[in-house]
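Student: I'd like to go over a predicted model; first the sequence, then the structure.
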Amino acid sequence: MKIVVLSDTHAPRFWKACPPRVAEQLRGADVILHAGDVCAGWVLEELAAFAPVHAVKGNNDGPDVRAPETLELTLGGLRVAMIHDSGPAKGRPARMRARFPDADLVVYGHSHIPLDDASGAVHIFNPGSPTDKRRQPHGTLGLLRVEQGRLAEARIVPVT
């Protein structure tokens, strides 16, 4: 299963339409996860043309973004939890394990800083932002590959 992970697209300020390099990665996706700050509901509709979309609400999302604050789902046997703001970096893995005790993977956004941390019992993953890189060298998204109920691959992919 190929999963594309996005966060912090911040439409329409930064995301006017799906950027071509993002669309390249979305083609062939089985599922798309969006970790909040979509900012405009039409982005989720645009993404749904590529694959089913699961999203959580970010602190900048308006009322037209219909998404829960947190989400727990199973994708290809992998137990995934999503939240927009995971709080301070210090203590994050322990805090996320406590908040989502049944998760194999926690996906979050908010910081715009990509992170792929497989060091603990719960894999912690932030795709960064494909459009609002802030102080990062590139806009990014995440690619996950799930095989036989486990996370076989997690990558941060530059798209700018």
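Tutor: All right, it came through fine.

Student: Need the three-state assignment for the closest residue to residue 102 other than its chain neighbours.
Tutor: On the basis of CB to CB, 6 or more residues apart in numbering, the spatially nearest residue to residue 102 that is not a chain neighbour turns out to be residue 79, at 5.6 Å. Just so you know, the C-beta spots here come from the backbone N, C-alpha and C atoms, and that holds for glycine as well. In three-state terms, and counting by DSSP: H, G, I helix; E, B strand; the rest coil, residue 79 is strand.

Student: who's in contact with residue 79?
Tutor: Neighbouring residues of residue 79 by CB atoms under 8 Å, 6 or more residues apart in numbering: 72, 102, 103, 104, 105.

Student: Save those as TSV, and put in pLDDT too.
Tutor: Formatted as TSV, the contacts of residue 79 follow (pLDDT from 0 to 100):
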residue	pLDDT
72	98
102	95
103	97
104	97
105	97
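
Student: from these, which would you call buried?
Tutor: Listed as buried from the contacts of residue 79 are 103, 104, 105; burial here means 16 or more other CB atoms under 10 Å.

Student: between these, which is closest to residue 47?
Tutor: Distance to residue 47 across the buried ones among the contacts of residue 79 (CB to CB) is lowest for residue 105, with 19.6 Å.
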